[in-house]
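Asks: model this:
(4 chains)
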2 protein chains.
Amino acid sequence: MDTLLKTLGEPKRCEIIRLVWSEEKAATEIAAHFPTVTRSAISQHLGVLRRSGLVSERRDGTRRMYSVNHREVARLRAFLDSFWTDSLEKLRDLAESNEQ
Amino acid sequence: MDTLLKTLGEPKRCEIIRLVWSEEKAATEIAAHFPTVTRSAISQHLGVLRRSGLVSERRDGTRRMYSVNHREVARLRAFLDSFWTDSLEKLRDLAESNEQ
DNA sequence: AGTAAGCGTTAGTTGATACTTACGTAAGCG
DNA sequence: CGCTTACGTAAGTATCAACTAACGCTTACT
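Replies: Have a look, this model is predicted:
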């Protein structure tokens, strides 16, 4: 879960997630949205996103099509939702386990 | 907003937010929950959290009491909520602005 | 077979960041 | 006034993360 949050910590990766949110896109297309950095840099960001499970890859000829892995996004979302709401209980649990 | 996400990217800072979620705590109390690192390290994390606006500080004698700034947390939460739901529209806006 | 397009990967560099150690400072207490 | 507690901060270090440049591997196309 820490990995997911760290992945989200980089603005370009957030942007990539948004780009492939509703429809899959090829790596070159994605890279074209970031004129200031190299294609290689984007490829590495895609690697991070892939390893964290937030995006999936599909081969199509010479191209690699990327799309959001909604299942993993949902996991992250659920964690954050519980983070905002369950902090009180989690705090209590933590205090109990620490005081033994 | 990038700052907030980057702040959340460090697990210890997440933990600190949870610790002061429901009641304010002194810096020493917070540091006591992290036996593996120095008090100084935690103090610096508190500095990051303070500068990002996620926590507030209050002086009480020689102690500094920290508490969650719920207003700023709400801002972050709202951004993430819109991130999950509005990505479709944002993608469209982006495409329009880029194709001109 | 030869060439080009599309990408990932490796190596190396630079800047950020998490940390420790040491120090400074303000508030309480004797 | 000295001493202690409770803290932030400055300096220095080591690790990590984002990037560029160069390379290599597929897949198509002729």
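Asks: Could you report the neighbour count for A:Phe34?
Replies: 16 (other CB atoms under 10 Å in any protein chain shown). Bear in mind the C-beta positions are built from the backbone N, C-alpha and C, glycine included.
Asks: Enumerate every residue touching it.
Replies: Contact analysis of A:Phe34 by CB atoms under 8 Å, 6 or more residues apart in numbering or on different chains lists A:12, A:15, A:41-42.
Asks: What's the separation between it and A:Leu8?
Replies: Between A:Phe34 and A:Leu8 the distance, using CB to CB, to the nearest Å, works out to 17 Å.
Asks: now do A:Gln44
Replies: Look at A:Gln44 and A:Leu8: by CB to CB, they are 16 Å apart.
Asks: My read is that A:Cys14 contacts B:Phe79, right?
Replies: No. Assessed by CB atoms under 8 Å, A:Cys14 is found out of contact with B:Phe79, at 10.1 Å.
Asks: Surely A:Met65 is in contact with A:Glu29?
Replies: No. Using CB under 8 Å, A:Met65 is not in contact with A:Glu29; the gap is 9.3 Å.
Asks: Comparing these two, which residue is more hemmed in?
Replies: Counted by other CB under 10 Å, A:Met65 and A:Glu29 do not tie: A:Met65 has more neighbours, with 17 against 14.
Asks: what helix or strand does the more buried one sit in?
Replies: Under the criterion of DSSP states H and E, A:Met65 resides in strand A:63-68.
Asks: Provide the strand pairings for that strand, with the direction of each partner.
Replies: Counting by DSSP bridges, the strands paired with strand A:63-68 are strand A:25-26 (antiparallel), strand A:55-60 (antiparallel).
Asks: Run through chain A and note the low-pLDDT ranges.
Replies: By pLDDT under 70, the low-scoring segments of chain A are A:87-100.
Asks: still on that earlier bit, just want to know which of A:Gln44 and A:Leu8 has more residues nearby.
Replies: Neighbour count, other CB under 10 Å: between A:Gln44 and A:Leu8, A:Leu8 has more, with 23 against 12.
Asks: check contacts around the more buried one.
Replies: Going by CB under 8 Å, 6+ apart, A:Leu8 touches A:14, A:76, B:5, B:8-9.
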